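Chemist: Task: produce atomic coordinates for the following.
(chains A and B)
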Protein chains: 2
Amino acid sequence: MLSVIELMRAIDSGALSPAAVIDRCAAAIAAREATIGAFTCLDIGAARAAAAIVKGPLAGIPVGVKDIFDTADFPTEFGSPIYAGYRSRGDASLVALMRRAGCTVLGKTVTTEFAYFTPRGTRNPHNPGHTPGGSSSGSAAAVAAGMVPLATGSQTGGSIIRPAAYCGVAGFKPSFRLLPTVGMKPFSWSLDTAGLFAASVADVAYATAAITARDLRVDRQAPPGAPAIAVLDMQHWTEASDAMKEAVSRAARAAEAAGATVTTLRLPDAVADLAETQQAIQNHEAAQALAYEYNTHRDQLSDTLRMLIEKGMAITPDGYDSARRTAQHARRAFAALEGADIILAPSATGIAPEGLSSTGSPVFNWLWTLLGTPCVNVPGLADSSGMPLGVQVIARFGQDHAALQAGHFLEHAIRRSA
Amino acid sequence: MLSVIELMRAIDSGALSPAAVIDRCAAAIAAREATIGAFTCLDIGAARAAAAIVKGPLAGIPVGVKDIFDTADFPTEFGSPIYAGYRSRGDASLVALMRRAGCTVLGKTVTTEFAYFTPRGTRNPHNPGHTPGGSSSGSAAAVAAGMVPLATGSQTGGSIIRPAAYCGVAGFKPSFRLLPTVGMKPFSWSLDTAGLFAASVADVAYATAAITARDLRVDRQAPPGAPAIAVLDMQHWTEASDAMKEAVSRAARAAEAAGATVTTLRLPDAVADLAETQQAIQNHEAAQALAYEYNTHRDQLSDTLRMLIEKGMAITPDGYDSARRTAQHARRAFAALEGADIILAPSATGIAPEGLSSTGSPVFNWLWTLLGTPCVNVPGLADSSGMPLGVQVIARFGQDHAALQAGHFLEHAIRRSA
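Modeler: You can find the predicted model right below:
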């Protein structure tokens, strides 16, 4: 994989030219894209030309943009035949801010249909017989395969953290709306969250800091003391595979060995039992967000999505309002929950499932998306066959730096324990 | 003006055909559009053809769509030369839901540049030497001039309630996100609120109920008891003209004469002093929402907007986070404030200012947009020259039906007292 921080150091020192960075990406793409299918479109020549002249803290970093974000210079198709060949007039805000920070857009990465479940053929770089997860399938796979050092994603259910886990890369779902979602195709406006993929936790932190001008880096200051980590009690998380349970234990032991205090956290029901709430909000909003597509292009929607929209249309305004109140209550209960400053939990139920017909289950992600908390997928663990097993570090809303610091700590602890 | 409810009754009874409704709009447009300039584009023929075949609770109602909402069949230019001739691929969610309810889009109505301050020439139907207000200039003017019975608007500062007041029509800014904003050009995602204009409060209530399937109508059930109304103490509202102060008093006296309990409400500082907070959130978000336009088409932005964006870029993330916390605190303080179930306040500082270079001041609207509360501009009052003076009824977040009921009560009370 290509590290954002290492590339920036090499560029800054003159050891590597921005064009040489593009060449590395191009080489990985030439070697693996035919198998993996991470991109919907690419323009290596344009990126090489742009990389030579850009400035900023990410000058020379080529990025993959999930094809759910508008881009002025590439088609934006949202993973749907309805938008075949569609070109937006401008860039999504996140894309515009990344360009301002010096990034060059190398291409658009595959998304499932409107960032919901229907996959579009991308394969897992660790084993092409397995899904890379979704909905940010191409972004996670492109980073894992070394095709780009940085890529954008979005999460409404589990669309950043799950593919990051399946592909063995760092994934960062920041606090709700830390990164702007303007120009990102909406699915559920109360939940849609923009985020990033990169090789390591320090890399996503560096990139997010550069884009937002927030103090989020974890690579330069003296590390804070080892964190107090609360391992999620799996009482409500019965879908976790044995391998995933073992991965969480290994991560906890590694953290403890590195000096962290490790406790266990049982979630109260008001916080834990929110799958129906997340689904009611998501589905009711998706039915409105995709009202035009349902009105006018119903036959070009997948059955899965059409049924989801109809489920959302059947939710009454009262049912939706009630779900929003439950979510609001849960956010307050979580904010007041003792011992929940840094939580360690599975990123997914296990390794990436075999086959390409499903992108796997987001059940371990819904809660945190609904709560709007920052989540960091920490890479570095794997099962006996070598398939990545991701664990996530979760912090309270607005505590993005703490989440990234703890994720960075854990990533190194895992590496040392291997 | 054309009443949605009266038109629907006439259509339902067979007294009026949907085509005849379009003809009425067309006649008003032929008579007055050359002077007023409410529309950016129009297709009367297409609306007549569509009106003949639609179904739904608003079947046969022609609408004007503020040119900040995407429409599949008209250009969407956002009041900016950057988007001259731009055609979105689909409809904004609100437009799609209105079509589903039976509306036909007659045309797009003038918005100021990106729904901020720079006006685009629309004149006030009550006196063409005066502004209609903004940013929803064309929608308010078109309804006031009888060109359409219903039009969409959006409010980030005071862009629905102020032009409704200046043009003497009912304007409804619902609770934050009651109407979907998907496909509406974002300016400040924490504040942008979609709403409607119509001839009377009962008309906006009827239309919102039809679009959302929410129980919001005020025209059919036995009216509730007369409301308890708290008149806003003007301690913080020193910009109000004498005519406006008198209008609020007249409205309060009329309400009392009609049986309402009338008290006075002094806002605590935590709630009242939020202009800087609203501005910090709006400007910081606008700088991100318009990052592409600023990156790529800076010379096509008005000076006013370019300076606003630069002001927003100068707000630090800490300053923005602090403003968001202040807003959150104020929302909770307002929710807990006794005697604030129904508030009566000025909709604007006075009548529409003379001239077309300014759209007037939104200082009396910022607070309620920030709090996310439903606001209803109640028409019916005027100064000695006949220029409309609007007063607004405000209810707590989520109490949209109560706001509409109180607005409906007040509208009738004012009419009876005249």
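Chemist: Alongside chain B, which residues does the stretch 251-400 of chain A contribute?
Modeler: A:285, A:288-289, A:291-296, A:316-317, A:321, A:398 (C-beta under 8 Å from any C-beta of the partner chain). Every residue, glycine included, has its C-beta placed from N, CA and C.
Chemist: Check these and tell me the two furthest apart.
Modeler: A:Thr296 and A:Gly398 (39.6 Å; C-beta to C-beta).
Chemist: neighbour count winner among the two?
Modeler: Shown here are A:Thr296 and A:Gly398; by other C-beta atoms under 10 Å in any protein chain shown, A:Gly398 has more neighbours (19 against 15).
Chemist: Now the phi/psi pair for the more buried one, please.
Modeler: phi 90, psi -10 (degrees, to the nearest 10).
Chemist: show me what contacts the most centrally placed residue in chain A?
Modeler: With distances taken as C-alpha atoms, centre = their mean, A:Ile160 lies nearest the centre of chain A, 2.1 Å away. Neighbouring residues of A:Ile160 by C-beta atoms under 8 Å, 6 or more residues apart in numbering or on different chains: A:136, A:153-154, A:171-173, A:193, A:195, A:197, A:375, A:377.
Chemist: Of these, just say which sits nearest to chain B.
Modeler: A:Thr193 (12.4 Å; C-beta to the nearest C-beta).
Chemist: what about the nearest residue to that closest one once chain neighbours are set aside, distance to chain B?
Modeler: Nearest-residue entry for A:Thr193: A:Gln155, 5.0 Å, with adjacent residues in sequence omitted and distances by C-beta to C-beta, 6 or more residues apart in numbering or on different chains. Counting by C-beta to the nearest C-beta, to the nearest Å, the gap from A:Gln155 to chain B is 17 Å.
Chemist: From what I see, A:Gln155 and A:Thr369 are in contact.
Modeler: Yes. With contact defined as C-beta atoms under 8 Å, A:Gln155 reaches A:Thr369; the gap is 5.7 Å.
Chemist: which residues do those two both contact?
Modeler: A:173, A:193.
Chemist: What's the local residue count around A:Ser241?
Modeler: The burial count for A:Ser241: 15, using other C-beta under 10 Å.
Chemist: tell me the pLDDT at it?
Modeler: pLDDT, A:Ser241: 97.
Chemist: Please apply the same query to A:Ala247.
Modeler: Reported pLDDT for A:Ala247: 97.
Chemist: which SS class is the residue lying closest to it once chain neighbours are set aside?
Modeler: Leaving aside its sequence neighbours, A:Ala247 sits nearest to A:Leu389 (C-beta to C-beta, 6+ apart; 4.0 Å). Classification of A:Leu389 by DSSP: H, G, I helix; E, B strand; the rest coil places it in strand.
Chemist: and the lowest-mean-pLDDT helix or strand in chain A, how far from the chain's centre?
Modeler: None of the helices or strands of chain A scores lower by mean pLDDT, DSSP states H and E than helix A:269-272, at a mean of 84. Remark: helix A:269-272 is offset 24 Å from the chain centroid, using C-alpha atoms, centre = their mean, to the nearest Å.
Chemist: next one: stretch A:47-64
Modeler: 22 Å.
Chemist: Any buried residues in that stretch, and which?
Modeler: A:47-48, A:50-51, A:54, A:57-64 (16 or more other C-beta atoms under 10 Å in any protein chain shown).
Chemist: just stretch A:121-136 next, same as before
Modeler: Buried residues in stretch A:121-136, counted by 16+ other C-beta under 10 Å: A:122-127, A:130-136.
Chemist: Could you single out the nearest of the residues you listed to chain B?
Modeler: Among these, and counting by C-beta to the nearest C-beta, the member closest to chain B is A:Ser135, at 17.5 Å.
Chemist: Angles on the backbone of that closest one, please.
Modeler: phi -80, psi -10.
Chemist: show me the contacts for A:Ala165.
Modeler: By C-beta under 8 Å, 6+ apart, A:Ala165 lies in contact with A:133, A:171, A:347-348, A:377, A:379, A:388-392.
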